[in-house]
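Asker: The sequence isn't on hand, but the structure is:
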């Protein structure tokens, strides 16, 4: 189970553990974004600090209908106790956790400042 808190801007925040290229594990808070169907987005300064490996270019249509092109990197993330190698989208925003990373989980959010955020694995048969 992954737990977090709702901040003063009513954003559900969870902590992430991301492995840098030096093997160190860095902790970073990220906003849970149900409107983002990718895995994880990080700002360019954090990608540079982690020295992540560039993989390819990506393309997305944003909520306002505009299209953008961005760089995609790769990182190892500790997710619910497991090591996952995932694509990281570079974005000029706060770190965002997308729906692809949360696949197979139930998201529960108490929508008030200080409210509880919980991601729990769903057992499927």
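Answerer: All right, it came through fine. Remember, it's a predicted structure, so these values are computed and weren't measured experimentally.
Asker: Quick check: closest non-adjacent residue to residue 86.
Answerer: Of all residues not flanking residue 86 in the chain, residue 39 sits nearest, at 4.5 Å (C-beta to C-beta, 6 or more residues apart in numbering). Where you see a C-beta, it was placed from the backbone N, CA and C, and this is true even at glycine.
Asker: Please, where are all the helices along this protein?
Answerer: Ranges of helices in the chain, per DSSP state H, are 44-50.
Asker: Pick out the residue closest to the middle of it.
Answerer: Geometric centre of the chain, nearest residue: residue 97, 2.5 Å, by C-alpha atoms, centre = their mean.
Asker: can you pull the pLDDT of residue 9?
Answerer: Residue-level confidence at residue 9 comes out at 97, pLDDT.
Asker: Next, count neighbours for it.
Answerer: 8 (other C-beta atoms under 10 Å).
Asker: List the contacts of residue 74.
Answerer: Residue 74 is in contact with 52, 53, 55, 85, 86, 87, 88, counting by C-beta atoms under 8 Å, 6 or more residues apart in numbering.
Asker: change it to 6 Å
Answerer: Residues near residue 74 by C-beta atoms under 6 Å, 6 or more residues apart in numbering: 53, 55.
Asker: who does it bridge with?
Answerer: According to DSSP bridges, the partner residues bridging residue 74 are residue 53, residue 87.
Asker: so the residue nearest to the centre of the chain touches residue 32, yeah?
Answerer: Yes - when contacts are counted by C-beta atoms under 6 Å, residue 97 is listed as touching residue 32 (5.0 Å).
Asker: all strands for this structure, in order.
Answerer: Taking DSSP state E, the strands of the chain run over residues 2-6, 12-19, 25-32, 40-42, 53-61, 67-79, 82-90, 96-97, 105-109, 116-121.
Asker: Contacts for the helix or strand bottoming out on mean pLDDT in the chain next, please.
Answerer: Across the helices and strands of the chain, mean confidence by mean pLDDT, DSSP states H and E is lowest for strand 53-61: a mean of 90. Strand 53-61 is contacted from outside by 67, 68, 69, 70, 72, 73, 74, 89, using C-beta under 6 Å, 6+ apart.
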